[in-house]
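Trainee: Attaching a predicted model along with its sequence, questions to come.
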Amino acid sequence: MNLPKSFAASAVAAVLMAALSACGSAPKGDVAHGAELYAQCSACHAMQENNLGPAHCGLFGRKAGTVPGFGYSSAMRESGIVWDEKILSEFLVSPFSYLPGTVMGFAGFPNEQDRLDVIAYMKQQTSDPSVCPTS
């Protein structure tokens, strides 16, 4: 069977891309370890209610400083941050360094795997309708 060169080149490119994407897959977080780490967060935060810190339900995709009824620092309100896994991980390295003027009283998770784990737990919890109802 004689295949056109463009088809053969496309097939080779597809195989290479699949192999590269498998090798470069993003590291995964450990939800169980993340739950243990979240205990540090729960000193100030809860999923559904504001506490000393704002509620975490609806965090991913939300603009920082916008949870109704919570008194944010002007630094947080004016930051323009929209929370996603990447931004949250960067913030959690050292909240004070990432966002000078924040009043979050937490030194941070300097260990990357710890951040992946706590974010995996938060993603699981915030996407669970029994924890974070959408209505």
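Mentor: Nice, thanks for sending it over. Note that the structure is predicted; figures quoted are calculated from it, not measured. Numbers count the residues shown, from 1 in each chain.
Trainee: so where's the chain uncertain?
Mentor: Applying pLDDT under 70 to the chain picks out residues 1-27, 135.
Trainee: Which residue ranges of it form strands?
Mentor: In the chain, no strands are defined using DSSP state E.
Trainee: Grab the most central residue of it for me.
Mentor: residue 85 (2.4 Å; Cα atoms, centre = their mean).
Trainee: Is it correct that that residue is in contact with residue 122?
Mentor: No - the pair residue 85 / residue 122 is not scored as a contact, 9.1 Å apart, by Cβ atoms under 8 Å. Where you see a C-beta, it was placed from the backbone N, CA and C, and this is true even at glycine.
Trainee: quick one: common contacting residues for those two?
Mentor: Common contact partners of residue 85 and residue 122 (Cβ atoms under 8 Å, 6 or more residues apart in numbering): residue 60.
Trainee: Would you map the helices across this structure?
Mentor: 5-23, 31-41, 74-77, 85-93, 95-98, 112-126 (DSSP state H).
Trainee: In contact with the residue nearest to the centre of the chain, which residues are there?
Mentor: 60, 119, 123.
Trainee: Could you measure from residue 126 over to residue 50?
Mentor: Noted for residue 126: a distance of 15 Å to residue 50, by Cβ to Cβ, to the nearest Å.
Trainee: Likewise for residue 28?
Mentor: 30 Å.
Trainee: These two: which has the busier surroundings?
Mentor: residue 50 (15 against 10; other Cβ atoms under 10 Å).
Trainee: got the contact list for the more buried one?
Mentor: Applying Cβ under 8 Å, 6+ apart, we find residue 50 in contact with 67, 69, 70.
Trainee: Can you tell me which of these are buried?
Mentor: Among the contacts of residue 50, the ones that count as buried by 16 or more other Cβ atoms under 10 Å are residue 67.
Trainee: which of the contacts of residue 50 lies closest to residue 112?
Mentor: residue 67 (26.9 Å; Cβ to Cβ).
Trainee: from memory that closest one sits against residue 54, does it?
Mentor: Yes - counting by Cβ under 8 Å, residue 67 touches residue 54, with 4.0 Å between them.
Trainee: Residue 123: neighbouring residues, count only.
Mentor: Using other Cβ under 10 Å, residue 123 has 17 other residues around it.
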